[in-house]
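1. For reference, the sequence and a predicted model appear below.
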Amino acid sequence: MARAGRRKAHALHRGLCAVLGALVCQGALGLEGTAPPGAAPPASTATAATSTPNSTALDGRGCRIVRLSDIGWTDVTATTALFGVLLRHLGYRPEITVLSLPVTYTSMKNRDIDVFLGNWMPTQETDRKSYVAEGSVEVIRANLTGAKYTLAVPAYAYEGGLRSFADIERFAAELGHSIYGIEPGNDGNRLVLGMLRNNLFGLGGFKLIESSEQGMLAEVERAVRTHRPIVFLAWDPHPMNMRFDLRYLAGGDTVFGPNYGEARVDTNTRAGYSAECPNVGRLLRNLSFTTQQESRLMADILDRHLSPDVAADAWLKANPSVVAGWLQGVTTFGGRPGFSAMQTTGKLADRLSLERWLEGHKIPVGDSIAVMIEYVKGHGRVLFDGLSAVIRDSVDGLTRLLRAIPSPLLILGAGALTFGLRRSVPLAVFVVAALLFIMNQGYWEATLETLSLVIVAALVSTAIGVPVGIAAAHRPRLYAALRPVLDLMQTLPTFVYLIPTLVLFGLGVVPGLISTVIFALPAPIRLTQLGISSVPTPLLEAGRAFGATPMQLLWKVELPSAAPTILAGITQCIMLSLSMVVIAALVGAGGLGVPVVRALNTVQVGMGFEAGFVIVLLAIVLDRISRPADKAAAP
């Protein structure tokens, strides 16, 4: 009887499916045996949904949230925002997460990301190959063809003879033995690093400066302004092709592929996503772009400073014929025809959305700051270039000095200095062992670069912070005025410091050091002010009774009494400077931050742990050497 009842129930279920279609089969009526939200439908249903051109199968509740990855390139940001806005008009809820390329594929394998629109091929073949082979990632279609991705130079450098990869070595001195890339761990950077490592085209003595897309473009702008040769990663589509008169270098077929790194961009999804969500899958199969379309959209983001969502929404309204093609056979989440519903919801959103209205009447805070920075950059170029030269020469000179000292002698000298300051044999042995371990792990050169940056930053912060702290201790009103400024310097996200310094000073150690000084400066100011203010009153009265002048009182009474607190501020300044090493790597400062960022972007756990542990060891060494003597202790 029970078996017969189950047969009747299944027959009834099949009959309802035949009459009502996907509405029942996807569980909208809550019948027993239907798939849970987000689960794959039966194979027959998935086949029907994907094979029938005019399929209007509804997506299940689990498909309403569409998780998208954005790897941070402007073209990928633009197309992802465009797709996200389109989904929102159709009643879906897109969630866009900024991830590196390797993390994107790992997340799709783990089913944490559904769609990725920025798979540049063939340069990203290595990144996606294993995932496609094991079936955890599916390639839907090419959404862009005719793209380029290789090294480029400004037109004046090309006309000066720098026309191919083979010519780069001849211009080594003018180029500073440098090639400019984008974020550490990026596939293009890896190709350049492999070229340098294998000494292709005689470029073994060159270095790759890694930062970000916008950091690289800022450096290109500085080079163009001064008519200086520069070699950098470039691609099309991108507004850089309209913003700069650039030329792509020939002869890089063995590195980037033929025809100037001719590329296509594929749409990828996690395994089974199109079958689970056939309506979104149909939209993904329809979605394609041209290089001109993407360049215009990116120009709105980069040049007009529109947010990606606002730029995408405006683009969709301005190109209804393109949108109509994309929405052929696509419905809203509720089942209405996609294009007509989108037109209606767009008009309603324009009328009813407070958010849209406010965005349309945006107070130009960011634009005002940008105009101010451009004004300062244009009128203070001589000052900024001079300051940049002084800072760069100081850090590079100290780095060269540390490299010139034989490494065994430098390590023994650090141990001797530790023993001389702390009179602790175990601590001296620990310092020597830590430095030997850093050398063993292959991070010695990066450690010297980081140490130079930290030393110079700490010296500058101390030279500014201690006198300001003394003045603040003697003038309470000055300290009251400084307090909110110091609070702002310590609470403002450190990445914010990098933006104006990058624009004004370009890539390299200069913006990294200036940002580090701004971040670390409050510590010596506050603790110096605290130490001077805490000098016992009887000591001050005794000094005055013996006829000490204010300067004698400062040097013979206040500073000796406040010395432990001031030294604690300097120690904290050194630690804060070291904590900026990873952030400074984002603007091309080099050092130990580069392998950390590279490991993060490429999901290399081993490299990340090694570099992080080396930074910890260096921090312990600097802390034990610099902290006040009464607090020193062997580890």
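-> Cool, the structure landed.
2. Give the burial count for G60, as a bare number.
-> G60 has 25 neighbouring residues, counting by other Cβ atoms under 10 Å. All C-beta spots, glycine's among them, are computed from the backbone N, C-alpha and C.
3. and what of F437?
-> 13.
4. hang on, it in a helix?
-> Yes. Counting by DSSP: H, G, I helix; E, B strand; the rest coil, F437 is found in a helix.
5. Spit out the contact partners of it.
-> Counting by Cβ atoms under 8 Å, 6 or more residues apart in numbering, F437 makes contact with V614, L617.
6. chain center to the strand ranked longest in the chain: distance?
-> Using DSSP state E, we find that the single longest strand of the chain is strand 137-154. The chain centroid and the centroid of strand 137-154 are separated by 21 Å under Cα atoms, centre = their mean, to the nearest Å.
7. do the same with stretch 468-482
-> Using Cα atoms, centre = their mean, the offset of stretch 468-482 from its chain centre is 38 Å.
8. Stretch 318-326 now?
-> Taking Cα atoms, centre = their mean, one finds stretch 318-326 lying 33 Å from the centre of the chain it belongs to.
9. One more: stretch 591-607?
-> Distance of stretch 591-607 from its chain centroid, counting by Cα atoms, centre = their mean, is 12 Å.
10. Then stretch 253-262?
-> Offset of stretch 253-262 from its chain centre (Cα atoms, centre = their mean): 26 Å.
11. Stretch 393-409 too?
-> On the basis of Cα atoms, centre = their mean, stretch 393-409 sits 30 Å off its chain's mean C-alpha point.
12. I figured I168 hits G204, correct?
-> No. I168 is beyond contact range of G204, at 11.8 Å (criterion: Cβ atoms under 8 Å).
13. Have a look at the two and say which one is more surrounded.
-> I168 (25 against 12).
14. Can you get me a residue count around A223?
-> Other residues near A223 come to 22 when the count uses other Cβ under 10 Å.
15. So it is in contact with V231, correct?
-> No. A223 is beyond contact range of V231, at 9.8 Å (criterion: Cβ under 8 Å).
16. Now tell me what touches the helix or strand just after the longest strand of the chain from outside.
-> Where DSSP states H and E defines the elements, the next helix or strand beyond strand 137-154 is helix 155-159. Under the contact criterion Cβ under 8 Å, 6+ apart, helix 155-159 has outside partners F171, H227, P229, I230, D245, L246, R247.
17. Of the residues you listed, which is the nearest to R88?
-> Nearest to R88 among the contacts of helix 155-159 is L246, at 35.6 Å by Cβ to Cβ.
18. Angles on the backbone of that closest one, please.
-> Phi and psi for L246, reported as degrees, to the nearest 10, are phi -120, psi 160.
19. For beta bridges, what are the partners of it?
-> Under DSSP bridges, the beta-bridge partners of L246 are P154.
20. Please tell me how far it sits from N198.
-> Distance, L246 to N198, by Cβ to Cβ, to the nearest Å: 26 Å.
21. Counting neighbours, go ahead and name the busier of these two.
-> Counting neighbours by other Cβ under 10 Å for L246 and for N198 shows that L246 has the greater number, 20 against 12.
22. my guess is the more buried one meets W235, correct?
-> No. Taking contacts as Cβ under 8 Å, L246 lies outside contact range of W235: 10.9 Å.
23. What is the helix ranked longest in the chain packed up against?
-> Counting by DSSP state H, the longest helix found in the chain is helix 444-474. The contact analysis (3 or more Cβ pairs under 8 Å, 6 or more residues apart in numbering; DSSP states H and E) places helix 444-474 against helix 381-404, helix 476-491, helix 509-520, helix 522-533, helix 559-579, helix 581-585, helix 593-602, helix 605-626.
24. swap the cut-off to 6 Å and go again
-> Secondary-structure packing of helix 444-474 (3 or more Cβ pairs under 6 Å, 6 or more residues apart in numbering; DSSP states H and E): helix 381-404, helix 476-491, helix 509-520, helix 522-533, helix 559-579.
25. Include mean neighbour count and mean pLDDT when you put the ones you listed into a markdown table, please.
-> Output for the helices and strands packed on helix 444-474, formatted as a markdown table (neighbours: other Cβ atoms under 10 Å; pLDDT from 0 to 100):
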| stretch | mean neighbour count | mean pLDDT |
| --- | --- | --- |
| helix 381-404 | 15 | 84 |
| helix 476-491 | 13 | 89 |
| helix 509-520 | 26 | 86 |
| helix 522-533 | 24 | 93 |
| helix 559-579 | 21 | 89 |
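26. Output the ones you listed in TSV; the columns should cover distance to E445.
-> Below are the helices and strands packed on helix 444-474 laid out as TSV (distance: least, Cβ to Cβ, whole Å):
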stretch	distance to E445
helix 381-404	8
helix 476-491	31
helix 509-520	14
helix 522-533	29
helix 559-579	17
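27. Let me know the average pLDDT across stretch 71-84.
-> Averaged over stretch 71-84, pLDDT sits at 91.
28. Sweet, I'm off.
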